[in-house]
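Novice: Fold the stuff below for me.
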Amino acid sequence: MRAIIQRVTHSSVNIDGKEIAHIGKGLNILLGVGPDDTEENARQMAYKIAHLRIFSDEAGKMNLSVCDVQGQAIVVSQFTLYADTRRGHRPSFVGAAGPDIASPLCDRFVVFLQEQGVPCQTGVFGAHMQVEIGNDGPVTILLEI
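Specialist: Have a look, this model is predicted:
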């Protein structure tokens with residue numbers, strides 16, 4: 001399981017010109033699922049992200065988690081995180097899990113993140129989305145479990 005975690009001032013997801021998700025301060029999480037990923041991977045990823053200290057404290061040090069700052073998260077499924085670009089110019093996505101595995105694991109990840117106290121909104125699995133990300137800092141973290 002792979003995630004791109006971005007600390008944001010705001011983030012939103014639009015489909016066909018209609019906003020389906022919007023948050024203020026928090027995290028935009030682009031989540032990729034591999035074919036061997038399990039529910040336990042989703043649980044570990046959610047725990048790690050919920051407690052990742054990437055928000056600034058009063059001294060300006062990254063010492064607070066999204067839970068500490070009462071932030072929210074938008075979770076967007078992102079099979080392209082498994083792109084293989086070693087050969088040619090067109091990425092291969094054979095390393096990504098198929099929808100039968102990825103969709104339920106994305107859903108479970110969101111549940112696990114909410115259980116950690118992070119309010120979540122989501123994109124729509126498999127939809128063509130426009131994601132607006134107000135990256136704060138910028139702070140962008142790549143996490144793989």
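Novice: need the contact list for the residue positioned nearest the centre of the chain.
Specialist: In the chain, the centroid-proximal residue (C-alpha atoms, centre = their mean) is residue 29; its distance is 1.8 Å. Contact analysis of residue 29 by C-beta atoms under 8 Å, 6 or more residues apart in numbering lists 3, 4, 5, 6, 49, 73, 74, 75, 76. (Each C-beta comes from the backbone N, C-alpha and C, glycine too.)
Novice: Among those, which one sits closest to residue 141?
Specialist: residue 5 (4.4 Å; C-beta to C-beta).
Novice: What's the local residue count around the residue lying closest to the closest one once chain neighbours are set aside?
Specialist: Counting by C-beta to C-beta, 6 or more residues apart in numbering, residue 5 lies nearest to residue 141, which is 4.4 Å off, once chain neighbours are set aside. For residue 141, the count of nearby residues is 14 (other C-beta atoms under 10 Å).
Novice: Residue 141 and residue 130, how far apart?
Specialist: To residue 130, residue 141 is 23 Å away according to C-beta to C-beta, to the nearest Å.
Novice: now the strands for this protein?
Specialist: Assigned by DSSP state E, the chain shows strands spanning 2-15, 18-23, 26-32, 55-56, 62-64, 72-77, 120-122, 130-144.
Novice: Now do the fifth one: everything it contacts.
Specialist: Around strand 62-64, the neighbours that count as contacts under C-beta under 8 Å, 6+ apart are 53, 54, 55, 56, 57, 139.
Novice: Who wins on neighbours among the residues you listed?
Specialist: Counting neighbours by other C-beta under 10 Å, the top entry in the contacts of strand 62-64 is residue 55, with 22 neighbours.
Novice: just checking, it touches residue 66?
Specialist: Yes - under the criterion of C-beta atoms under 8 Å, residue 55 makes contact with residue 66 at 6.8 Å.
Novice: on that earlier part again, columns pLDDT and distance to residue 12 on top of the contacts of residue 29, output as JSON lines?
Specialist: Shown next, in JSON lines, are the contacts of residue 29 (pLDDT from 0 to 100; distance: C-beta to C-beta, whole Å):
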{"residue": "3", "pLDDT": "98", "distance to residue 12": "19"}
{"residue": "4", "pLDDT": "98", "distance to residue 12": "17"}
{"residue": "5", "pLDDT": "98", "distance to residue 12": "17"}
{"residue": "6", "pLDDT": "98", "distance to residue 12": "13"}
{"residue": "49", "pLDDT": "98", "distance to residue 12": "19"}
{"residue": "73", "pLDDT": "98", "distance to residue 12": "13"}
{"residue": "74", "pLDDT": "98", "distance to residue 12": "7"}
{"residue": "75", "pLDDT": "98", "distance to residue 12": "13"}
{"residue": "76", "pLDDT": "97", "distance to residue 12": "11"}
